[in-house]
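Novice: Need coordinates for the following:
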Amino acid sequence: IHNVSQVTRAGGEVSDTLKYFSERIPATFVYAGIGLETSELLAGTRGAQIAGRFTLVPTRPFPYGDEWKGLVATMEETLLLHEHPPGSLVKLDRYLHNRADGMIGALSHAIRGAAIDAILNGTERVTKEGLDAIPLDHAAETPRKLLKNTVTR
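Specialist: Just a heads-up that it's a prediction; the model follows:
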């Protein structure tokens, strides 16, 4: 959705279709994109019409708390690794929150990547070292890099 340009014919047609759906279909539609509030989707006359039909719900990183801990526990329960000690990821929940910067996608990527590596290397367990070895997306890695480069006096 964040790539829809109102100035192109195709973008205008997409915009008109979104409006059509919202007016005629009794359902809830969830459209996702990055930077929607400043995108071309909401610019101009067509954009104003779109903006008048939808509610923008910005997402934020998960705060560290019971919901995050439950999310980590649920993801750990899905691991089918023969040597993975139950509860070992739950013990790393704060580390995982810091590593993923509270983002579910980064958390999922880290756990999935470490699990795949654990299968390939035969250890069949996800460890902190294995999680550290998984590169995350730029957004998740940036806060850690900034903290590492911060000098306090």
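Novice: from what I can see F21 touches F29, true?
Specialist: Yes: using Cβ atoms under 8 Å, F21 is in contact with F29, at 6.3 Å. The C-beta positions use only the backbone N, C-alpha and C, and glycine is treated the same way.
Novice: so where's this protein shaky on pLDDT?
Specialist: 1-7, 143-153 (pLDDT under 70).
Novice: quick one: the top helix by length along the chain to chain centroid distance?
Specialist: Of all segments of type helix in the chain, defined using DSSP state H, the longest is helix 104-121. Between the centre of helix 104-121 and the centre of its chain there are 15 Å (Cα atoms, centre = their mean, to the nearest Å).
Novice: Now do that helix: everything it contacts.
Specialist: 62, 71-72, 75-76, 79, 81, 84, 89, 96, 99-100, 124-127, 130-131, 133-134, 136-137, 139-140 (Cβ atoms under 8 Å, 6 or more residues apart in numbering).
Novice: Any of the residues you listed buried? List them.
Specialist: Taking 16 or more other Cβ atoms under 10 Å as the criterion, what is buried in these is 62, 71-72, 75-76, 79, 84, 89, 96, 99-100, 125-127, 130-131, 134, 136, 140.
Novice: And the closest residue to H97 other than its chain neighbours, how far from T17?
Specialist: Among residues not flanking H97 along the chain, Y64 sits closest, at 4.5 Å (Cβ to Cβ, 6 or more residues apart in numbering). Y64 sits 40 Å away from T17 when distances are taken as Cβ to Cβ, to the nearest Å.
Novice: who's more crowded, the two?
Specialist: Neighbours per residue (other Cβ atoms under 10 Å) separate Y64 from T17, with Y64 holding more: 14 against 10.
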